[in-house]
Every structure is written in C-alpha cells, then in structure tokens.
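J.: model this:
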Amino acid sequence: MKYDFTPRGVCSRGIHVELDGNIIRSVRFDGGCSGNTQGVAALAIGMDAEEYIKRCKDIKCGFKSTSCPAQLAIAIQEALAKQG
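T.: Got it, this is the predicted structure:
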C-alpha cells in the first residue's frame, strides 16, 4: 500500500511511504535535510512498521516539537490505519 503524507512542523514538504503488510518497503521525503532524510528512509526500509513507530515517534529536531523521523512515524500510523 502506498501512502502520501503532508508533514507538519518540519522542513520536509511530503513523505511517501509504501507498506507491504506491516513491513516498510519504501520511503521518500520531499525536501528536508537531504542526508538525514535519505538516512532515515534507508534505515526504515525492511523494518516492521510498529517497531519503527516505537523507536522514532518521540524524536525531536533541535527546539522543534517533532522531526522528520517522528513525522514518518505518524505517516506510517495513518497508513496502517487505512490498511485496516
């Protein structure tokens, strides 16, 4: 299942995630800090979605209340909910 998400409170403008059941198959960020978002995406691929959410949902970026990894966790939660 492919899911597009508009993050809030971060530099990236879009997150595109693909799930195969509970496994993260692909992640792509639009904008944001290129090296960081590429690294987050590369590490997430192949991971169990619930495990990613557990590990990354509370990560902060500097003084912001969220981060790109945390926004990806929200995107994955929403995708799982839509998947049923």
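J.: helix, strand, or coil at residue 24?
T.: strand (DSSP: H, G, I helix; E, B strand; the rest coil).
J.: verify the contact between it and residue 41 for me.
T.: No: with contacts counted by C-beta atoms under 8 Å, residue 24 stays clear of residue 41, the gap being 9.1 Å. C-beta: built from backbone N, CA, C; applies to glycine.
J.: pick out the residue closest to the middle of this structure.
T.: For the chain, the residue sitting closest to the mean C-alpha position, by C-alpha atoms, centre = their mean, is residue 72 at 1.7 Å.
J.: ok, now how distant is residue 41 from residue 83?
T.: Between residue 41 and residue 83 the distance is 20 Å, computed by C-beta to C-beta, to the nearest Å.
J.: of these two, which one has the most company?
T.: In this comparison of residue 41 against residue 83, neighbours counted by other C-beta atoms under 10 Å, the higher total goes to residue 41 at 20 against 12.
J.: the most far-flung residue of the chain relative to its centre: which element?
T.: For the chain, the C-alpha lying farthest from the average C-alpha position belongs to residue 63; by C-alpha atoms, centre = their mean, that distance is 19.4 Å. Using DSSP states H and E, residue 63 sits in no helix or strand.
J.: excluding chain neighbours, what is closest to the residue nearest to the centre of the chain?
T.: The spatially closest residue to residue 72, leaving aside those adjacent along the chain, is residue 15, at 5.7 Å (C-beta to C-beta, 6 or more residues apart in numbering).
J.: quickly find the element holding that neighbour.
T.: For residue 15, the element it lies in under DSSP H and E is strand 12-20.
J.: quick check: mean pLDDT across that strand?
T.: On average, the pLDDT along strand 12-20 is 98.
J.: can I get the helix ranked longest in the chain as CSV, trimmed to CA atoms?
T.: With DSSP state H setting the assignment, residue counts place helix 68-83 as the longest helix in the chain. Taking C-alpha atoms only, helix 68-83 is exported to CSV below (Å, rounded to 0.1, in the frame of the first residue of the first chain):
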residue,chain,number,x,y,z
CYS,A,68,11.2,14.1,10.1
PRO,A,69,11.6,10.6,11.7
ALA,A,70,8.7,11.4,14.0
GLN,A,71,6.6,12.6,11.1
LEU,A,72,7.4,9.4,9.2
ALA,A,73,6.1,7.5,12.3
ILE,A,74,2.8,9.4,12.1
ALA,A,75,2.6,8.7,8.3
ILE,A,76,3.1,5.0,9.0
GLN,A,77,0.5,5.0,11.7
GLU,A,78,-2.0,6.6,9.3
ALA,A,79,-1.1,4.2,6.6
LEU,A,80,-1.6,1.2,8.9
ALA,A,81,-5.0,2.5,10.0
LYS,A,82,-6.1,2.9,6.3
GLN,A,83,-4.8,-0.5,5.5
